[in-house]
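>>> After the sequence you'll find the predicted model.
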2 protein chains.
Amino acid sequence: MANIAKKVSWSSRGDDRGERTPLLNGAEDGKYSNRQDIVRSRPKEIPHNEKLLSLKFESLDYDNSENQLFLEEERRMSHMGFRCLEITRWVICGLIGFLTGLIACMIDIAVEKLAGYKYLAVKQNIEKYTELGGLSISLILWAVLNSAFVMLGSLAVAFLEPIAAGSGIPQIKCFLNGVKIPRVVRLKTLVIKVFGVICSVAGGLAVGKEGPMIHSGAVVAAGVSQGRSTSLKKDFKIFEYFRRDTEKRDFVSAGAAAGVSAAFGAPVGGVLFSLEEGASFWNQLLTWRIFFASMVSTFTLNFFLSIYHGKPGQLSSPGLINFGRFDSDSVQYNLYEIPLFIIMGALGGVLGALFNIINYWLTIFRIRYIHRPCLQVMEAMLVAAVTATVSFAMIYFSNDCQPLGQDNTEEYPLQLFCADGEYNSMATAFFNTPERSVRSLFHNPPGTYNPVTLGVFTLAYFALAVWTYGLTVSAGVFIPSLLIGAAWGRLFGILLSFIASSQSIWADPGKYALIGAAAQLGGIVRMTLSLTVILVEATGNVTYGFPIMLVLMTAKIVGDYFIEGLYDVHIKLQSVPFLHWDAPPTSHWLTAREVMSSPVTCFNRVEKVGRIVDVLSNTSTNHNGFPVVSDTTENDEPGKICGLILRSQLIVLLKHKVFVERASSRLSQRKLQLKDFRDAYPRFPPIQSIHVSQDERECMMDLTEFMNPTPYTVPQETSLPRVFKLFRALGLRHLVVVDNENRVVGLVTRKDLARYHVGKDGLEELHLAQT
Amino acid sequence: MANIAKKVSWSSRGDDRGERTPLLNGAEDGKYSNRQDIVRSRPKEIPHNEKLLSLKFESLDYDNSENQLFLEEERRMSHMGFRCLEITRWVICGLIGFLTGLIACMIDIAVEKLAGYKYLAVKQNIEKYTELGGLSISLILWAVLNSAFVMLGSLAVAFLEPIAAGSGIPQIKCFLNGVKIPRVVRLKTLVIKVFGVICSVAGGLAVGKEGPMIHSGAVVAAGVSQGRSTSLKKDFKIFEYFRRDTEKRDFVSAGAAAGVSAAFGAPVGGVLFSLEEGASFWNQLLTWRIFFASMVSTFTLNFFLSIYHGKPGQLSSPGLINFGRFDSDSVQYNLYEIPLFIIMGALGGVLGALFNIINYWLTIFRIRYIHRPCLQVMEAMLVAAVTATVSFAMIYFSNDCQPLGQDNTEEYPLQLFCADGEYNSMATAFFNTPERSVRSLFHNPPGTYNPVTLGVFTLAYFALAVWTYGLTVSAGVFIPSLLIGAAWGRLFGILLSFIASSQSIWADPGKYALIGAAAQLGGIVRMTLSLTVILVEATGNVTYGFPIMLVLMTAKIVGDYFIEGLYDVHIKLQSVPFLHWDAPPTSHWLTAREVMSSPVTCFNRVEKVGRIVDVLSNTSTNHNGFPVVSDTTENDEPGKICGLILRSQLIVLLKHKVFVERASSRLSQRKLQLKDFRDAYPRFPPIQSIHVSQDERECMMDLTEFMNPTPYTVPQETSLPRVFKLFRALGLRHLVVVDNENRVVGLVTRKDLARYHVGKDGLEELHLAQT
């Protein structure tokens, strides 16, 4: 069973750290091996791994380790120094926004160009062979072209960087939640992601490019803010102050927001997305910076796209996605339409849940049977070929011909079997990029689409989209969801206008397409606040804000009845210790005493090197944080807490051999500085790579200067919701539980809190995985 | 000097609690009288009271007191119970939104009606007397009408509820920040506020109705969520669970957001406003509820306005403010305009700072000399008369005649000295409600306004607006600021088009009016994120998002160089202990030991009633929170912390005579429940009203069941930023400082943290006022 958790595409394959990875990443903070709970958590048969919590993910530490080095540095810094830092943060956010916008622009242009070439090739081929009755040759050409694109993208993802698969939003959600997903914010991931998404969109899969954009923004942020790239082995020696989890996570929030902003032309939606997913503590200055990054990103994208489109400097175009504007004068809704919207919301919830359930079983299947990279590539190619075939069949059997309008809004009309001056609307729907199809569904005048075409299209695209999500390609689910929803929404609107043809207000099926799109997307991803704002911004109209919100909420309530949102399903399948916003409401009867891990391995303020090395090397525990206790206590009694030190800090200390004996003998030795810790961040060497001689094992290490002298503590009687609130609000990694005498009795870490969640029958407890 | 702090219109006049108020409200939490700091804080001459921190404001407690009663209740509640509570919260938020929208609708209709009547009366009078050459009679009629309206509003505010003066935004900011401003969320305040704002807008003052709307939303929320009105002495026996600070503050956030949403048609802006001002801990569910309230509020307003305007059910109209839509096809901006926008932002910052500085001195003057209600009413009437006179003079001397267009966008055209078929544009500007004038400035075609008219109008309106803000009337500053900015912004645009007449893009001065309005408003109030979103939503166009953000940021940076934002100036003049987002960056050298108040009055777990009564009655200390210590220690040594109990809890205990002796003698006595505490919330009786006999003084009280057994604690060495972060993130009221042995050594409260702020020369410390 263990291989299930291991083989999911975006989990750590441990390939960049060799066999040592499990040792370092193996277990999350704190001791667990001796506790009773672990006995409970080893059932004979594990039903699915979503009932497990993996211990292989490290947490981010949002709490600064305020040790003496840190305080000295902060106290040395003048008021001007802090102002400079603040300005630097703004500059970095501007850079993040700029680069994210640039990447979005690049993806957009590449996809448009490739889609254009493909259309031309197929069109010429069809024109050439239709006369000869050989449409099957065109089909083969199309399928081969699509599969080739998909193969390229899939090969890159499967063999070079499996973490670049999928939309990347679940991973970014986890990162912002405080879980370190290995390799998720690396340069290599970014390159593969961008390449992969261009290939899969150009390959005609039922995918969007928006999710990967958000991931790209996050990677850009993580890279730029650190002022170096470990992949390129290049250190620019700038922004060194920001080399810690606290700052990095803030910048990654800004990057994700910039990504959303570029993808949907929704800067405010981007900010809300980041806050909804990540921010535990709302900081006004941080929010402004995030907003700034978002704005710069949209601005950059618009600026370069305006150049590309030959109208340089005209900055009114929206983001990457362009749903077109709903003109407020012609389109409005009426009070009696609201019940209809709510029905559509419920329908979206049901369809979304269906999507998620099918995709869930498909993912389980993939985890079990399709975990070899070459199989994954083959599956992706198969999907591409099937997508092409299905599309072709539908085009072939569809006789939905529409007149080619004067204004010619369709960029890729295909005549096929239609009369001159007409085009095949099904072909248009499949040859367009999905974004264009959504726009057509929103805005084309009534009568553009045949209801039967729409119905068949909805069914086919639904099946293809479900199958596609989770393939080993870079691909988002936003646009396919919107497209499915827009199709059945428009169908709904057309049917309504048949029923009540007297009312002129029903005449606009585009409105129902928008509501349907919102309902379907909401039913699949279950975001509400940020999604409302994103849709409002993407359509450039606040009029529909209220109905969209109602629809999204209905879809969420209905959908949640069946299954969780798609991202959450995938996060659970990874067994990530994801912290929700609040502790389960019925958990007041649990206290810190029941929740904590104990006994805890503590160090003395002045500790023997040998013991430290032994504890760090112990593969059965693999703690990441150790309370430091005053050494005046007797052996059996736990000591009084006087600090907290991290594994990463100890490793740096060992590496620089900061031993008490050496300090006295070699006075000239350079004092260890905060810089040494920053240089090692974030990839601290494993303990095995540090050589400690037998003599050195007898030395002592004084931790006083390096430990965090004021870790947050709670008494044993504290209720779980209270512990949870403190832990979540401050973004902690370790919370020390003390008794009445301030003696360490336990340690609360992320997995201890993430274990409890609300199930069907009240409070449930997840098991801890062994890997 | 003490009377300065006392006499400001919205401080506690103590009239509802008689002379006992200073005893109860007199000092904020914790002991300070014995500390050394107080000696420092009694300078011989206090320069201004903004250098003081008042001790008369109580804090809200965002941290639940998790005592045994609370935990028992929570543990008794089933999962279904919590779900019902959550649904109730949504229902309340819907109600808040509905009522806020209704009130907004009422204000809007009342103002429109009154302005219409006034216009008709004056117009008829002018038409009658212009022939006779007696325009002065019309002037007198106008001035008298205006003064009468203002007198009514001012009388109500000055004599009935002084807290209803002004925009109410500073008070709501304080409330959301966690400071309990007396009487700010009462029904009486709401009634006076609504009446006052209708009068002052109808009285032609340079004021808006938006600030008061936000305040109204907050009052509605505070009232509805508690399910009772103390003013009406009516308890509906519903929503009793929500009778505590934590829940109330959440609902008030929703109410403020609903107010913004109704005022500006900006639901997202409302959410961001509430979060920017209030939320310390971002909770997703709470944010959704706030958003829901905002949406319902806009929806309700639109629905009722659509009925009022005779188009029932057509819901596409925006909120109370209607800036009209900027059509994206005709209006756009270019890259080379961005420097111009930034210059305008800087100009807005300077003008805003000038506004604030003048208003600051004016407020100081008012605090010193105009603190009697009748004087306040007279000043308000004087301003009304002067406003009328200045307007009339400007209309009289202006000869800016504009042709009456075909479409007749002006609702109140005045011909005056203009030829037939023309109207006087200055008269239009003064007779319109300010909202209409702003819209005209944004949207009227080029050439509508004479540059000289605009220049004179800007100067006159600036002076009037400065004088008006701070009068004893209900009035907001948003719309006057926008109007001033729109006027000079349009002037700027016209001048630009003179310089570069070749470029067609300069031709639209409406764009510059929008940017100018943003710059001026940003320069005065210094909000950025929420203001950007509000302006974007109010104009219904995301195209200008980036320039508006740039302009607001420039205005803030430039303005902050001179003086703080208007609301912050007024908050400081009240000496409110307002907590900003972060501790000052250079405060790392301060630790909890230096910051805390000590020694602390502690109680034993089982304490003598006499001692409790004495401590509570001690007017020189007036603590609100008391650590409870284990009683095993010797006398001199501080005890080990085992809980925290609030003054309000002790008073309820004393009132119900929960003494150990009684419990054993009268077994039948009802056990004290959480309900008893909730019934007393939020106006706990003063200690003097509770009679304790000499016998009872000898009894003992067991606090174990009622104290919070797990208060948050920090060690003495914790740095100020760390203490600040914990305090702010969790919205605490008391933070206990303990030594290594868990013994209480001090208490950190709001005033201890609010004292430190960044001044011109680095870290500054405010003094604590004696009142």
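Nice, thanks for sending it over.
>>> Show me what from the stretch 451-600 of chain A comes close to chain B.
A:528-529, A:532-533, A:536-537, A:540-543, A:545-546, A:549, A:553, A:581-582, A:585-586, A:588-589 (C-beta under 8 Å from any C-beta of the partner chain). No exception for glycine: its C-beta is placed from N, CA and C like everyone else's.
>>> mind redoing it with 6 Å?
Within reach of chain B by C-beta under 6 Å from any C-beta of the partner chain, the stretch 451-600 of chain A has these residues: A:528-529, A:533, A:537, A:540, A:542-543, A:546, A:549, A:581, A:585-586, A:588-589.
>>> out of these, which is most surrounded?
A:V533 (32 neighbours; other C-beta atoms under 10 Å in any protein chain shown).
>>> List the contacts of it.
Contacts of A:V533 were listed using C-beta atoms under 6 Å, 6 or more residues apart in numbering or on different chains, and they are A:V268, A:G269, A:L272, B:V268.
>>> where does it land in three-state SS?
helix (DSSP: H, G, I helix; E, B strand; the rest coil).
>>> Just flag the most distant two among the residues of the stretch 451-600 of chain A next to chain B.
Greatest spacing in these, by C-beta to C-beta: A:G540 and A:W589 (50.3 Å).
>>> What number of residues are in the vicinity of the residue lying closest to A:L95 once chain neighbours are set aside?
Spatial nearest neighbour of A:L95, chain neighbours left out: A:V224 (5.2 Å); criterion: C-beta to C-beta, 6 or more residues apart in numbering or on different chains. The local packing of A:V224 (other C-beta under 10 Å) involves 26 other residues.
>>> same for whichever helix or strand A:V224 is part of, what does it pack against?
If you go by DSSP states H and E, A:V224 is part of helix A:210-226. For helix A:210-226, the elements it packs on are helix A:79-130, helix A:169-177, helix A:187-202, helix A:245-264, judged by 3 or more C-beta pairs under 6 Å, 6 or more residues apart in numbering or on different chains; DSSP states H and E.
>>> helices or strands next to the first one in the packing?
The one in question is helix A:79-130. helix A:135-155, helix A:187-202, helix A:210-226, helix A:245-264, helix A:284-308.
>>> now the ones you listed as JSON lines including mean pLDDT and distance to A:M381?
Converted to JSON lines, the helices and strands packed on helix A:79-130 look like this (pLDDT from 0 to 100; distance: least, C-beta to C-beta, whole Å):
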{"stretch": "helix A:135-155", "mean pLDDT": "86", "distance to A:M381": "5"}
{"stretch": "helix A:187-202", "mean pLDDT": "92", "distance to A:M381": "11"}
{"stretch": "helix A:210-226", "mean pLDDT": "91", "distance to A:M381": "20"}
{"stretch": "helix A:245-264", "mean pLDDT": "90", "distance to A:M381": "27"}
{"stretch": "helix A:284-308", "mean pLDDT": "87", "distance to A:M381": "31"}
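>>> Can you point out the buried residues in stretch A:433-443?
A:T433, A:P434, A:E435, A:R436, A:S437, A:V438, A:R439, A:S440, A:L441, A:F442, A:H443 (16 or more other C-beta atoms under 10 Å in any protein chain shown).
>>> what's the helix or strand for the fifth one?
Take DSSP H and E as the rule and A:S437 turns out to sit in helix A:434-443.
>>> and the direction of that helix versus that of helix A:79-130, what angle?
In terms of direction (axes from the mean of the first three to the mean of the last three C-alpha atoms, to 10 degrees), helix A:434-443 departs from helix A:79-130 by 80 degrees.
>>> hmm, back to that, pick the most deeply packed of the helices and strands packed on helix A:210-226.
helix A:245-264 (a mean of 30; mean count of other C-beta atoms under 10 Å in any protein chain shown).
>>> hey, C-alpha coordinates of it in CSV?
Provided in CSV are the C-alpha atoms of helix A:245-264 (Å, rounded to 0.1, in the frame of the first residue of the first chain):
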residue,chain,number,x,y,z
ASP,A,245,10.3,30.7,5.2
THR,A,246,8.4,33.7,6.5
GLU,A,247,9.5,36.0,3.7
LYS,A,248,9.5,33.4,1.0
ARG,A,249,5.9,32.4,1.7
ASP,A,250,4.8,36.0,1.6
PHE,A,251,6.4,36.4,-1.8
VAL,A,252,4.9,33.2,-3.1
SER,A,253,1.5,34.5,-2.1
ALA,A,254,2.2,37.5,-4.3
GLY,A,255,3.4,35.3,-7.1
ALA,A,256,0.3,33.2,-7.0
ALA,A,257,-1.9,36.3,-7.0
ALA,A,258,0.1,37.7,-10.0
GLY,A,259,-0.5,34.4,-11.8
VAL,A,260,-4.3,34.6,-11.2
SER,A,261,-4.2,38.2,-12.2
ALA,A,262,-2.4,37.5,-15.5
ALA,A,263,-4.6,34.4,-16.2
PHE,A,264,-7.9,36.0,-15.7
